[in-house]
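Student: Return atomic coordinates for the entry below.
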Amino acid sequence: MTLQDRTAIPMIPLSGQRNNAGMASSDGNRTNVNMEGGTSGGNMGDSSMPIGNNDLTINDDISSPDLMCFGHYEDFHTIDWQRDVARDRMRHRLLEKNRGRSLLDWLKSNHDAGSGWLCVFLVGLFAGTVAGTIDIGVRWMTDLKFGVCPEAFWFNREQCCWSSNETFYDHDNCSNWFTWPELFGFYGDKAGPYIISYFFYIIWSLLFATLTASLVMMFAPYACASGIPEIKTILSGFIIRGYLGKWTLLIKSIGMIMAVSSGLSLGKEGPLVHVACCIGNVLSYLFPKYGRNEAKKREILSASAAVGVSVAFGAPIGGVLFSLEEVSYYFPLKTLWRSFFAALVAAFVVRSINPFGNEHSVLFYVEYSKPWIFIELVPFILLGVIGGLIGMAFIRANIWWCGFRKSSRLGQYPRLEVAVVTLITALLAYPNPYTRMDTSNLIYMLFSQCGAANNDALCDYQRNFTNVNSAIETAAAGPGVLKAIWLLALALIFKLTITVFTFGIKVPCGLFIPSLATGAIVGRIVGIAMEQLAYHYPEWPVFAGECSTGDNCITPGLYAMVGAAAVLGGVTRMTVSLVVIMFELTGGVRYIVPLMAAVMASKWVGDAFGRMGIYDAHITLNGYPFLDPREEFTHTTLAQDVMQPRKNGSLYVLTQDSLTLADVEQLLTETRHNGFPVVVSHQSQYLVGLVARRDMAMAISQAKKTVEGISRESIVLFTPSVPSPWLGPPPLRLHRILDLAPPTITDQTPMETVVDMFRKLGLRQTLVTHNGRLLGIITRKDVLRHIKVMSNEDPDSVLFN
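Tutor: Numbers count the residues shown, from 1 in each chain. From the prediction side, this is the model:
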């Protein structure tokens, strides 16, 4: 019912205000059009006489389960939350009324009551299965870049090695696994095998990435990028047809496997939220309660977003909090319970599939033997500050690059951009072992504590282990640690830079894993520095108590975990959900305080340079009509400053009893408005109600097919009774589709109140009156444009149809 592009349409008065009072009826019997577009016969002179099963108001006898279920919204329009909720309440009242009539009605009522739980159960079941399959596919295709298992090519490296006779898994020594040089008869660490490995790494990366981009461009253009900005916009009530469709689900699932396996600096966690929402959208159509009602469907989509994070990280509670804090617009208590249940089901399915190959269902399970000490809060907060600065810099750089892509010719060659970014990534990533390896494995390695079984350069300390269970003593860093720090510093610069150009290309790409990796590198370097400080200066008062025993009192892996949370918090500006995700992700419950301190410091520093996280920034860049409920509107403007039309302007309206069908059809032809106010007359302008364009068009179309005598000269009535006596063609009664209680404000209402109404009630529009007379209308688009103007931004950047 939003009135769009009014300035582009000439505001002309509607013709034909007619007086029906003197018209007589020859027989008194007429056929009416009702809310569903059906017909009913009866005496139009008696307004109290029953007029058929479907010609109903809210207080009338309810007899149709599809009451008020007119069609769908158009693409790139906003839904009417209040209207959809009213429709669902009507449908529920009908089912409750008929509950005791028969066994079938009783079963229908109980099925309706449990359909929400059944739907989210299926979402969790299917999303967990898809996520487990994606994890397995990613591990196999990632290893395929380095070699193959000739005995069973569908095995990844670990499975191939376990299938041999070795008693334990050694990543670097496996007789069944052949690297690509070994497959061609080249062995050793000479230049020839290195070049062959380098070549196959680049070829497989280019193949995976370009194939993904081609699939996305050919079959599902919406399957690219993260999807979380669009999910937030859809959950706020915006319609994007096809974004949560079956093709998007299929291509994004397949493309995610290949994109992550290509070695690009991206993750699958954000796209898994999109995939889970696609599953929720598809399954909602099995339940008309949700499939036919956009407002109710968003309850399922909110639960699906929680499922996406649950299956991505093995963090069901964090997933629920993520949906509540970051993406959901409308989150009632029952949606919280269902989200929790769906996340539980999804986590159970992932645990059953066991894609990580261990006894834990989380991605980076770690166990630290030492508690943190009080002085470590200082470096933890410092990591939060660094994370906020990195997040701010990344957001600005990525938004600038994405804006450049949209406004330049680069955006016309998405496949070429993907190929170039992949080529540069592969060329620069392979020489560094920390950028060559899978990013998830890198994060796990950085989170891990050095022990007797670790042989990585990061654990090259000058210490001797008597047995694997002995305490880890403090020791000086060896040359391997110093070399690893330099390689990690180069990896940090590379990953931070290449992710700026990767996030937003036409492949499924998430931001969680690259952000965690960047922060983990920073944290590990700071942790090693603190560890060596405690080793060389144990007599300092801050270390004297805990570090004087000779045991290692500083855990660099903990710093990596805190740094990962800090950078991810700086990029996304998440707080509560991020802390919960991190301790679920790692099993480090005892380290909640360091995580909280770092995340809060990261958010404060990031907000000091700009309050928008990466997802909100992309929403603004794409011009989506998203009203952020967390932002405050502090300006002192009034409704009369924003409403359309402005002074001396005209507004298309309908009168309640003086327009012919020809007048109404002319109005529908000449305008594209989604709704029309109905007034008593053009002279009085007293407001009667609001009628939706789609409802009116469907009712007229149905009336022409089923009602005898309807002609272009028939009077369109929005009143419950017909003046008697009546002469002329039968009238077209549309009062049953008239909203008699549309949201209404006065012209002196502060815009701060109006903005709150649009945010909290999910309005599409509100009518503006003065002493009961209609003055104008304010739509969501008008509110968004006004906010842009008040913020000195371009008001035409808001995307609407």
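
Student: what helix or strand does the residue nearest in space to the middle of the chain sit in?
Tutor: The chain has residue 231 as the residue nearest its centroid, 2.5 Å off, counting by Cα atoms, centre = their mean. According to DSSP states H and E, residue 231 maps onto helix 228-235.

Student: Alpha carbons of that helix, in CSV - could you do that?
Tutor: This file holds the C-alpha atoms of helix 228-235, laid out as CSV (Å, rounded to 0.1, in the frame of the first residue of the first chain):
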residue,chain,number,x,y,z
ILE,A,228,23.5,-11.9,5.8
PRO,A,229,22.8,-8.3,4.8
GLU,A,230,20.0,-9.5,2.5
ILE,A,231,18.7,-11.9,5.2
LYS,A,232,18.6,-8.9,7.7
THR,A,233,16.7,-6.9,5.1
ILE,A,234,14.2,-9.7,4.3
LEU,A,235,13.6,-10.4,8.0
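
Student: could you say what helices and strands that helix packs with?
Tutor: Applying 3 or more Cβ pairs under 8 Å, 6 or more residues apart in numbering; DSSP states H and E, one finds that helix 228-235 makes contact with helix 269-284, helix 294-313, helix 614-622. Any C-beta I mention is one placed from the backbone N, CA and C, and that applies to glycine too.

Student: Can I get these in CSV including distance to residue 82, mean pLDDT and mean neighbour count?
Tutor: Shown next, in CSV, are those (distance: least, Cβ to Cβ, whole Å; pLDDT from 0 to 100; neighbours: other Cβ atoms under 10 Å):
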stretch, distance to residue 82, mean pLDDT, mean neighbour count
helix 269-284, 20, 95, 28
helix 294-313, 9, 93, 29
helix 614-622, 24, 92, 20
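
Student: Pipe these into CSV and attach distance to residue 392 per row.
Tutor: As requested, the helices and strands packed on helix 228-235 are exported to CSV (distance: least, Cβ to Cβ, whole Å):
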stretch, distance to residue 392
helix 269-284, 19
helix 294-313, 24
helix 614-622, 10
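
Student: for those, which one sits closest to residue 261?
Tutor: Nearest of the helices and strands packed on helix 228-235 to residue 261, taken as Cβ to Cβ: helix 269-284 at 13.4 Å.

Student: So which other helices or strands are in contact with that closest one?
Tutor: Packing partners of helix 269-284 (3+ Cβ pairs under 8 Å, 6+ apart): helix 103-144, helix 228-235, helix 246-261, helix 294-313, helix 512-536.

Student: Report the buried residues of the helix holding residue 231.
Tutor: Buried residues in helix 228-235, counted by 16 or more other Cβ atoms under 10 Å: 228, 229, 230, 231, 232, 233, 234, 235.

Student: repeat for stretch 623-631
Tutor: 624, 625, 626, 627, 628.

Student: swap in stretch 337-347?
Tutor: 338, 339, 340, 341, 342, 343, 344, 345, 346, 347.

Student: hmm, back to that, got a list of what the residue nearest to the centre of the chain touches?
Tutor: Neighbour list for residue 231: 273, 274, 277, 301, 305, 327 [criterion: Cβ atoms under 8 Å, 6 or more residues apart in numbering].

Student: for the buried residues of stretch 623-631, which one is nearest residue 384?
Tutor: Of these, the one sitting nearest to residue 384 (Cβ to Cβ) turns out to be residue 628, at 23.7 Å.

Student: give me every residue that touches the closest residue to that closest one other than its chain neighbours.
Tutor: Residue nearest to residue 628 in three dimensions, not counting chain neighbours: residue 616, with 6.7 Å by Cβ to Cβ, 6 or more residues apart in numbering. Taking Cβ under 8 Å, 6+ apart as the criterion, residue 616 is in contact with 229, 232, 573, 626, 628.
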